[in-house]
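Asker: Structure here, sequence nowhere to be found:
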């Protein structure tokens, strides 16, 4: 689907205003997964956000549930610490 902005509204390819119904996905995404080495006061510990907001294998189930409730948009919450948890410019591959 092509989505653009016209007169301050999101519209589809036919110019019809879109009614977006969404939810925040995963407030728990802001908190690293607890591990034995993830002491927040230890500068040597490495936080992990793997499995947040839910395990990847469960994603299809959660997205089906959201769609069944009438939601068509999600706002996926990401913390910068989860993106560059090893330090500036260091990303998971």
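Answerer: Looks like it came in fine. Just so it is clear, the model here is predicted, and its values are computed rather than measured. Residues are numbered from 1 along each chain as shown.

Asker: quick one: residue 83 and residue 90 touch, right?
Answerer: No: taking contact to mean Cβ atoms under 8 Å, the distance of 9.9 Å between residue 83 and residue 90 leaves them out of contact. In this view, the C-beta of every residue, glycine as well, is placed from N, C-alpha and C.

Asker: Which stretches in the chain count as helices?
Answerer: Under the criterion DSSP state H, the chain contains helices at 59-68, 80-83.

Asker: Of those, which shows the lowest average pLDDT?
Answerer: Between the helices of the chain, the lowest average pLDDT goes to helix 80-83, which shows a mean of 72.

Asker: How far off centre is that helix?
Answerer: In terms of Cα atoms, centre = their mean, to the nearest Å, the centre of helix 80-83 is found 12 Å from the chain centre.

Asker: For the spatially closest residue to residue 9 that is not a sequence neighbour, which residues are in contact?
Answerer: Setting aside the residues directly before and after it, residue 9 is nearest to residue 17 in space (Cβ to Cβ, 6 or more residues apart in numbering), at 4.8 Å. If you count contacts by Cβ atoms under 8 Å, 6 or more residues apart in numbering, residue 17 has them with 9-11.

Asker: show me where pLDDT drops low in the chain?
Answerer: Under the criterion of pLDDT under 70, the regions of the chain flagged as low confidence span 27-47, 82, 85, 92-93.

Asker: Please determine how far the residue positioned nearest the centre of it is located from residue 12.
Answerer: Among the residues of the chain, the smallest C-alpha distance to the mean C-alpha position (Cα atoms, centre = their mean) belongs to residue 76, namely 2.6 Å. Counting by Cβ to Cβ, to the nearest Å, the separation of residue 76 from residue 12 is 22 Å.
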